[in-house]
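Engineer: Next comes the sequence, and after it the predicted model I'd like to discuss.
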Amino acid sequence: MLDGMTAGAFSLAPANGTGTRVRLRGVGRAFGSRVVLDDLDLSIAPGSFVSVVGRSGEGKSTLLRLLAGLDAPDAGSVDLDGRPVAGIPAAVTIMFQDARLLPWQTVLGNVGIARGPLWRAQALAALDAVGLAERAGEWPAVLSGGQKQRVALARALVRHPGLLLLDEPLGALDALTRTEMQRLIERIWRDAGFTAVLVTHDVAEAVALSDRILVLRGGKVSLDVAVDLPRPRPRVSAEAAALQASILDALLG
Amino acid sequence: MSLSLSAPAIVWPRLKMNLRPALPWLVPALTILLWQVACDQGWISRRTLPSPLAIARAAWALTLSGELLHHAAISCERAFAGFAIGGGLGLLFGMLNGMSALASRLLDTTLQMLRNIPHLAIIPMVILWFGIGEPAKLFLVAVGVFFPIYLNTYHGVRLVDAGLIEMGRVYRLSPAAMFWRIILPGAMPSILLGVRYGLGIMWLTLIVAETISANAGIGYMTMNAREFLQTDVVLVGVLVYALLGKLADVMARALERWCISWHPNFAAGAEH
């Protein structure tokens, strides 16, 4: 079953060694007359963890879809490692709000969705990294919401992404599971070194995880703050609370 | 007061426990018994309705002579050949129209119009086109089966979760992998529903088609028996149709269980 490979040989590192560098120049995207992104310039350093916060309909998900190659900009360019996005980039993967597991595949079959050589061993190793190796043979229907998202994370890791996009993947989870998942994502991100872009409504989540927080408003970045707190971060600290307050002000004001 | 209320509550479960497996068979058994008595007493003429025992004897005689098996085999062959042709085409067009917007625009309206023609209404034309031989029977069964399978496949494919298809794109699945791993299994519950509808129509059509003209098959056997007023043989034919229909349904259920064992509704069964 392991195809001669052990779980220990699995590396979380991006396929091409380092996280992806992201660069957007003058990006615009409108749906009908509604402008969602307007002349947006943004660059994200390789290996960093960036959160994008904003109200509903401010283009956070659209931004992620552009990076994932699921949508194309009306104006400007989206470059990953200096190359414009065309089609679905191999180095990028995305975790959706819902886990989007195939109910007719086992957990292992879902994680190894792209198949390829040694997929069983790789999928099992990725499941091990998220702590679900013993559930490999089960149907997704029997898993809890948090477990489903962990399977989705394992599926993303098998790809050895240079850029992991997280489209509010923890939004539907209860508070405890959510904190647990945040810690797991942070640990895996630190081990692997990919670039991560998280879209979230939850300012506390953004502060807990990110190196940098962007507030999107009116199709532009209205606030861009570096989060200079040591890792691993305590769940509660005065600095984090102050930062949260200032970002909330920017969102609400 | 409370005692007299609780007493039947204790007795009833016991009664149910003993009778429960037999309960659904009580009414049919009594009906057959009454029927047999009515025939024995001469209340019903043998020409109107033969007795259950006479039917059983006829079935036994036809089985021993090998006639029954021969006719049943020919009927099954026609039914399943027609089903394979009609069902295969229904599956093909359902898939095509479900996955291609162009094909759907081009073909779906036409197929939806044709669907409203009762296929048995075109028997006179079918006889003119194909004569009264095997092709006419296969054609009728195929047409009858085509529509339920086409419609259910088409809707099944259309209703596959768009989020899963998008996930497949993100993981850069090839078109073949997308079809086999996402679209086909996603549409499978609906396709199997179409298969079960199709099987019902298959037998119905075959019964009618075999009465047109045939020199073998259960329909031929019953029509022939009618000529000689062998009402017992006619009823054996009817029972065989019922049995074959039930058999087809059991097969469809087995297929369902096997194909969608992942489904939460089947999870309890899968654990056994």
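Structural biologist: Cool, the structure landed.
Engineer: buried set for the longest helix belonging to chain A?
Structural biologist: When chain A is parsed with DSSP state H, its longest helix is helix A:175-192. Neighbour-count burial for helix A:175-192, with 16 or more other C-beta atoms under 10 Å in any protein chain shown as criterion, is recorded at A:177, A:178, A:179, A:180, A:181, A:182, A:184, A:185, A:186, A:188, A:189, A:192. (Glycine included, C-beta is placed from N, CA and C.)
Engineer: Report the two of those separated the most.
Structural biologist: A:177 and A:192 (21.7 Å; C-beta to C-beta).
Engineer: what bits of the chain have low per-residue confidence?
Structural biologist: Going with chain A. Low-confidence segments of chain A (pLDDT under 70): A:1-9.
Engineer: was after chain B, sorry
Structural biologist: In chain B, residues with pLDDT under 70: B:1-17, B:265-272.
Engineer: Spell out which parts of it neighbour chain A.
Structural biologist: By the rule C-beta under 8 Å from any C-beta of the partner chain, the part of chain B lying against chain A is B:161, B:163-164, B:166-173, B:177, B:181-182, B:185-186, B:188, B:260, B:262-264, B:267.
Engineer: One more pass at 6 Å, please.
Structural biologist: Within reach of chain A by C-beta under 6 Å from any C-beta of the partner chain, chain B has these residues: B:163, B:164, B:167, B:169, B:170, B:171, B:172, B:185, B:262, B:264.
Engineer: who's in contact with the longest helix of chain A?
Structural biologist: If you take C-beta atoms under 6 Å, 6 or more residues apart in numbering or on different chains as the criterion, helix A:175-192 is touched by A:12, A:13, A:49, A:146, A:170, A:196, A:208, A:209.
Engineer: need the next SSE after it, C-terminal direction.
Structural biologist: strand A:195-200 (DSSP states H and E).
Engineer: Run me through the strand neighbours of that following strand, direction for each.
Structural biologist: Strand pairing for strand A:195-200, using DSSP bridges, gives strand A:49-53 (parallel), strand A:163-167 (parallel).
Engineer: Can I get these in TSV including mean neighbour count?
Structural biologist: Putting the strands paired with strand A:195-200 into TSV (neighbours: other C-beta atoms under 10 Å in any protein chain shown) gives the following:
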stretch	mean neighbour count
strand A:49-53	25
strand A:163-167	25
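Engineer: Please report how far residue B:165 lies from residue B:119.
Structural biologist: Using C-beta to C-beta, to the nearest Å, residue B:165 is found at 34 Å from residue B:119.
Engineer: now do residue A:71
Structural biologist: The value you get for residue A:71 to residue B:119, if C-beta to C-beta is used, is 46 Å.
Engineer: So those two - more neighbours on which side?
Structural biologist: residue B:119 (22 against 17; other C-beta atoms under 10 Å in any protein chain shown).
Engineer: My guess is that one contacts residue B:142. True?
Structural biologist: No: using C-beta atoms under 6 Å, residue B:119 is not in contact with residue B:142, being 9.3 Å away.
Engineer: Touching, residue A:215 and residue A:206? I think so.
Structural biologist: No: judged on C-beta under 6 Å, residue A:215 makes no contact with residue A:206 at a distance of 9.5 Å.
Engineer: list residues touching both of these two?
Structural biologist: residue A:53.
Engineer: Next step: the residues of chain B next to chain A restricted to strands.
Structural biologist: Here DSSP state E is the test, and the residues of chain B next to chain A give no hits in strands at all.
Engineer: which one of those is nearest residue B:100?
Structural biologist: Among those, and counting by C-beta to C-beta, the member closest to residue B:100 is residue B:169, at 16.7 Å.
Engineer: Around the spatially closest residue to that closest one that is not a sequence neighbour, how many other residues sit close by?
Structural biologist: With C-beta to C-beta, 6 or more residues apart in numbering or on different chains as the criterion, residue B:169 has its nearest non-adjacent residue at 5.9 Å, and that residue is residue A:88. For residue A:88, the neighbour count with other C-beta under 10 Å is 15.
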